[in-house]
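Enquirer: here is a sequence with its predicted model. Questions after.
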Amino acid sequence: MDVSRRDFFKASGAAALTGTALGSLTAVGASFAPTMAHAQALRIQHAKAVPSVCPYCSVGCATLVHTVGGKIVNIEGDPRSPHNEGTLCPKGAAIYQLHVNPNRPTKVLHRAPGATDWEAWDLERAVTRVAELIKKTRDETFIERLENGTPVNCTTSIFSLGGATLDNEWNHIHQKLMRGLGIVAIENQARI
Ligand code: SF4
């Protein structure tokens, strides 16, 4: 079909709904179904599909992870799921980038107090430093009893904030570690 420039911009309201220029063209009647279906088929033609779950929130949308030769080539909603029926929200639709993303930092970056530049540390050095600081802070701030004698055995000077991509097993062990240290301020966006 013919789509004029005027038609395209008139339909930009619809684009706000879909968030894409593709949305504008769809709103004026252009059909991309055959092209998109073909591109989709090519993308995962020789891929192995592994069921998984989006880690970002408690909705727990089901996903299919496509791999070729052990490498992830695509992640999308699983149409067999009764609650997300193949769909993913924008955040979930970007989980591919958790795994394949050239901009993702792969080293620990440390900026010393007062410094202007970041320094790359190896993981062991960073973990050792974190452990040193946790022990020092805990030793300095640990409260065994309140003034009225009630035992509390905690420190309120350390706060634990977890990420959405931590899974059940990680969170279980993390809770045990934090509680064992007497840390009571624990929050995590992941709820699955
Ligand atoms: S972040 Fe989005 S895709 Fe992921 S589980 Fe939540 S609603 Fe589903």
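Expert: Sure thing, it's come through.
Enquirer: when you work out contacts or count neighbours from here on, use the C-alpha atoms and nothing else.
Expert: Noted.
Enquirer: next, count neighbours for L177.
Expert: The local packing of L177 (other C-alpha atoms under 10 Å) involves 12 other residues.
Enquirer: confirm it sits in a helix?
Expert: Yes: L177 sits within a helix when classified using DSSP: H, G, I helix; E, B strand; the rest coil.
Enquirer: quick check: the gap between it and the ligand.
Expert: Going from L177 to the ligand by C-alpha to the nearest ligand atom, to the nearest Å gives 26 Å.
Enquirer: go on, E124?
Expert: Distance, E124 to the ligand, by C-alpha to the nearest ligand atom: 32 Å.
Enquirer: next one: N101
Expert: Computed as C-alpha to the nearest ligand atom, the N101 to the ligand distance reads 18 Å.
Enquirer: distance of that residue from D78?
Expert: Per C-alpha to C-alpha, to the nearest Å, N101 is found 22 Å from D78.
Enquirer: and T116, by the same measure?
Expert: Distance of T116 to D78, computed by C-alpha to C-alpha: 45 Å.
Enquirer: all helices for this protein, in order.
Expert: Secondary structure of the chain by DSSP state H: the helices cover 5-10, 12-18, 21-27, 33-43, 90-93, 96-99, 123-141, 168-181.
Enquirer: neighbour count winner among T116 and D78?
Expert: D78 (23 against 8).
Enquirer: my guess is the more buried one meets P51, correct?
Expert: Yes: shown here, D78 and P51 form a contact pair, counting by C-alpha atoms under 8 Å, at 7.5 Å.
Enquirer: which neighbours do the two share?
Expert: Between them, D78 and P51 share these contacting residues under C-alpha atoms under 8 Å, 6 or more residues apart in numbering: 62-64.
Enquirer: how many neighbours does R145 have?
Expert: When neighbours are counted by other C-alpha under 10 Å, R145 registers 12.
Enquirer: distance of the closest residue to it other than its chain neighbours relative to E144?
Expert: Once flanking residues are discounted, R145 sits nearest to P151: 4.2 Å by C-alpha to C-alpha, 6 or more residues apart in numbering. Applying C-alpha to C-alpha, the value for P151 to E144 is 6 Å.
Enquirer: mutual contacts of the two, please.
Expert: With C-alpha under 8 Å, 6+ apart, P151 and E144 have no common neighbours.
Enquirer: neighbour-wise, which of those two wins?
Expert: Neighbours around P151 and E144, counted as other C-alpha under 10 Å, are more numerous at E144. The numbers are 14 against 11.
Enquirer: residue contacts, the more buried one?
Expert: Contact analysis of E144 by C-alpha under 8 Å, 6+ apart lists 151-154.
Enquirer: keep only those of the residues you listed that are in strands.
Expert: 151-154 (DSSP state E).
Enquirer: and V127, what pLDDT?
Expert: V127 carries a pLDDT score of 96 in this model.
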